[in-house]
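*Asks:* Build me a structure from this.
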Amino acid sequence: MENRAIYNNKNGLVLGYFVKDGDVGLGLRKKTPWSGKLSGPGGNREECDKSLKDALVREVKVELDVNIALDEIEKRAEFKIFRPGKKPILLHVYTMGRYQGDFKASDEMDIPWWFPIEYLPIELMVPGDEHWVYRMLKGEFLGGEIHRSLDFETLIYMNVYEVDPKSFVHY
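*Replies:* Numbering: from 1, shown residues only. Prediction:
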């Protein structure tokens, strides 16, 4: 069994993708890293969050001002992110279904645009997304390692593989 105590930010990072009728909602990020890239909402789990899903609910509310019910969130991927001279971080990725409210832009993200999953605008997304987002949105449960530069901007290496979802962390 892997010792997860080695990871920085025990609570990890969360990232969510809105999925509806074969489309995915992607918003333009406004802050670094990945300013100007399309992505889902997400961020750090904070002390106030009871769980990783609670963290995602909070981040969606902060970034897009809509509400997501916990039962509309499904964990689909878990990645270990490595950067030079830093402890690894766990990234927990979810898909999200129905939401309540109307999207509103924030200082972190613009209102999502809807794209058919079959035609993801990979060239406008975060470098490395081409290796896993489509697979995840088509139903695979994924794990892997992501090696990035210290500022997160540059993808150095990525290894993605299918996993049993029972192996995911759910704290």
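
*Asks:* so where's the protein uncertain?
*Replies:* The model of the chain has pLDDT under 70 over residues 1-11, 171.

*Asks:* What segments of it are strands?
*Replies:* Ranges of strands in the chain, per DSSP state E, are 8-20, 23-28, 38-39, 42-44, 73-82, 89-96, 113-116, 142-148, 155-162.

*Asks:* Remind me what the third one packs against, helices and strands.
*Replies:* Put plainly, it is strand 38-39. In terms of contacts (3 or more C-beta pairs under 8 Å, 6 or more residues apart in numbering; DSSP states H and E), strand 38-39 is packed against strand 23-28. To be clear about C-beta, it is placed using only N, CA and C from the backbone, and glycine gets the same treatment.

*Asks:* Direction included, what does the strand it packs on pair up with?
*Replies:* Using DSSP bridges, strand 23-28 pairs in its sheet with strand 8-20 (antiparallel), strand 38-39 (antiparallel), strand 113-116 (antiparallel).

*Asks:* out of these, which comes closest to D49?
*Replies:* With distances scored as C-beta to C-beta, the stretch of the strands paired with strand 23-28 nearest to D49 is strand 8-20 (7.2 Å).

*Asks:* residues touching the residue sitting nearest the centre point of the chain, list them.
*Replies:* Centre of the chain computed as the mean C-alpha position; nearest residue by C-alpha atoms, centre = their mean is L15, 2.2 Å away. Neighbouring residues of L15 by C-beta atoms under 8 Å, 6 or more residues apart in numbering: S39, G40, P41, G42, L56, L91, H92, V93, Y94.

*Asks:* end to end, how far does stretch 103-122 reach?
*Replies:* 23 Å (C-alpha to C-alpha, to the nearest Å).

*Asks:* ok, residues contacting the longest helix along the chain?
*Replies:* Scanning the chain for the longest helix, with DSSP state H as the assignment, gives helix 52-64. For helix 52-64, the surrounding residues in contact (C-beta under 8 Å, 6+ apart) are 11-12, 14-16, 27, 41-46, 48-49, 66-68, 70, 73, 75, 92, 94, 96, 99, 103-106, 108-109, 111-112, 169-171.
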